[in-house]
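*Asks:* dropping a prediction and its sequence here:
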Amino acid sequence: MREFVCEDDRKDIKACLEGSKNAFAGIVKRYQKRITGFMWRFTRNREDLEELVHDVFVEAYQSLPRFRGESSLFQWLKTIGMRTGYRYWKKRDSSRVVPLDSVSQPAASQDIGDTDIGVSLYNILERLPARERMILTMHYFDGFDLLEVSKRLGWSYTLVRVQAHRARKILKEKLESAGFGRK
């Protein structure tokens with residue numbers, strides 16, 4: 001493994017691969033809080049969040065033999081987290097329909113500066129289709145350019161670019177209709 005992996009991770013990975021049942025607990029202990037924070041972007045429901053974090057670590061444990069050490073272990077866990085969160089969004093989206101128009105409007109007397117744009121933004125993003133939501137999340141929250149988003153998700157650059165354009169348009173329209181437009 002390369003220098004990207006810290007010594008504690010290297011030891012625990014080696015022990016796991018050699019059959020130690022307890023070595024993975026060290027990895028979980030080191031990264032559980034950070035992965036929980038990362039997975040918070042996918043749900044605000046505490047039970048779902050705990051299940052997502054659990055799923056990330058289960059998949060990581062099962063995939064550990066394929067970890068090449070080309071990034072830090074935390075970065076690798078975040079990549080697993082992105083896939084886990086995307087699957088969660090897709091599953092949840094297929095079982096419910098929430099119209100984009102259901103985002104609450106500010107009261108007419110309420111100053112736009114007094115509203116919580118973060119809550120409105122999250123509510124709007126939550127109602128986007130999973131693909132568009134994933135692209136915008138990776139682009140704006142993780143800071144990846146669209147080419148990197150396409151590589152990390154294994155999707156074509158053209159698909160990512162078109163979906164990002166559509167999602168931005170919807171996001172802009174919904175924020176403006178919720179009272180967060182340009183003055």
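*Replies:* Done, it's in. Residues are numbered from 1 along each chain as shown.
*Asks:* just want the most central residue of this protein.
*Replies:* When CA atoms, centre = their mean is applied to the chain, the residue found nearest the centroid is residue 82 (4.6 Å).
*Asks:* does it really touch residue 149, like I thought?
*Replies:* No: contact criterion CB atoms under 8 Å: residue 82 and residue 149 do not qualify, at 9.9 Å. Quick note: C-beta positions are derived from backbone N, CA and C, even for glycine.
*Asks:* next helix or strand past the worst-scoring helix or strand of the chain on mean pLDDT?
*Replies:* Least confident helix or strand, the chain: helix 117-127 with a mean of 76, by mean pLDDT, DSSP states H and E. Helices and strands here follow DSSP states H and E; after helix 117-127, the next one along the chain is helix 130-136.
*Asks:* show me what that next one is in contact with.
*Replies:* Helix 130-136 has contacts (CB atoms under 8 Å, 6 or more residues apart in numbering) with 82, 85-86, 89-90, 93, 125-126, 128, 146, 149, 153, 160, 163-164, 166-168, 170-171.
*Asks:* packing partners of the helix or strand just after that helix?
*Replies:* The element immediately downstream of helix 130-136 (helix or strand, assigned by DSSP H and E) is helix 146-153. Using 3 or more CB pairs under 8 Å, 6 or more residues apart in numbering; DSSP states H and E, the elements in contact with helix 146-153 are helix 73-95, helix 130-136, helix 157-175.
*Asks:* contacts for helix 146-153, please.
*Replies:* 79, 82, 86, 134-135, 138-139, 144, 155-157, 159-161, 164.
*Asks:* one more time with 6 Å, if that's ok
*Replies:* By CB atoms under 6 Å, 6 or more residues apart in numbering, the list of residues contacting helix 146-153 from outside reads 135, 138-139, 157, 160-161, 164.
*Asks:* alpha carbons of it, in PDB - could you do that?
*Replies:* Written as PDB, here are the backbone C-alpha positions of helix 146-153 (Å, rounded to 0.1, in the frame of the first residue of the first chain):
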ATOM      1  CA  LEU A 146     -18.200  17.300 -13.600                       C
ATOM      2  CA  LEU A 147     -15.500  15.200 -15.200                       C
ATOM      3  CA  GLU A 148     -14.400  13.900 -11.800                       C
ATOM      4  CA  VAL A 149     -18.100  13.300 -10.900                       C
ATOM      5  CA  SER A 150     -18.500  11.200 -14.000                       C
ATOM      6  CA  LYS A 151     -15.400   9.200 -13.300                       C
ATOM      7  CA  ARG A 152     -16.300   8.500  -9.700                       C
ATOM      8  CA  LEU A 153     -19.800   7.400 -10.600                       C
END
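*Asks:* quick check: angle from that helix to helix 73-95?
*Replies:* 80 degrees (axes from the mean of the first three to the mean of the last three CA atoms, to 10 degrees).
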